[in-house]
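Visitor: how does the following fold in three dimensions:
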Amino acid sequence: MRSPLAEAGLTKGDVRHAARELGLPVWDAPAAPCLSSRVAYGILITSQRLAQVERAEAYLRELGVTGDLRVRHHGDRGGARIEVEPRWVPWVTERLPAIKERLTALGFAVVEVDPRGYRRGGLLAERAERA
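Guide: Numbering: from 1, shown residues only. Sure, this is the predicted structure:
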């Protein structure tokens, strides 16, 4: 797989700067890695689980959450862990009853907010903590 921008020596910052200069509305959009990165290690990745994560994150965006956001899927019994930027943790926690209702309707058994907020590589860190 090739990365033409990287091959040209452009960094993510360079690309965001160029997009901003061009007036593109997505110049500061948060990174959106593959949905499978939201499924905990050892849990089978299925189209149903990916759809649950996608719908849960879309719902939180509809509520107004901006910036980094991940709904981590911990399997049928483990449910969902919501990770948002630290500034959003109190806001989401305040609305947790309604959020739980919606995410439960999507098929999550348990819904919680990570009080530490979003951390890049959160599933890796969690795995290391258990080891």
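Visitor: just the helices in this protein please.
Guide: Ranges of helices within the chain are 4-7, 12-21, 47-63, 75-78, 89-94, 96-105, 122-130, based on DSSP state H.
Visitor: how about residues contacting the longest one?
Guide: With C-beta atoms under 8 Å, 6 or more residues apart in numbering as the contact definition, helix 47-63 has outside contacts at 35-36, 38-39, 43, 69-71, 73, 80, 82, 84, 92, 95, 99, 102-103, 106-108. Every C-beta, even on glycine, is put in place using the N, C-alpha and C of the backbone.
Visitor: quick one, which of those residues are buried?
Guide: Listed as buried from the contacts of helix 47-63 are 35, 38-39, 69-71, 73, 80, 82, 84, 92, 99, 102-103, 106-108; burial here means 16 or more other C-beta atoms under 10 Å.
Visitor: can you tell me the centre-most residue of this structure?
Guide: Central residue of the chain (C-alpha atoms, centre = their mean): Arg70, 1.8 Å from the mean position.
Visitor: partners of that residue in the sheet?
Guide: Residues in a beta bridge with Arg70, per DSSP bridges, are Glu83.
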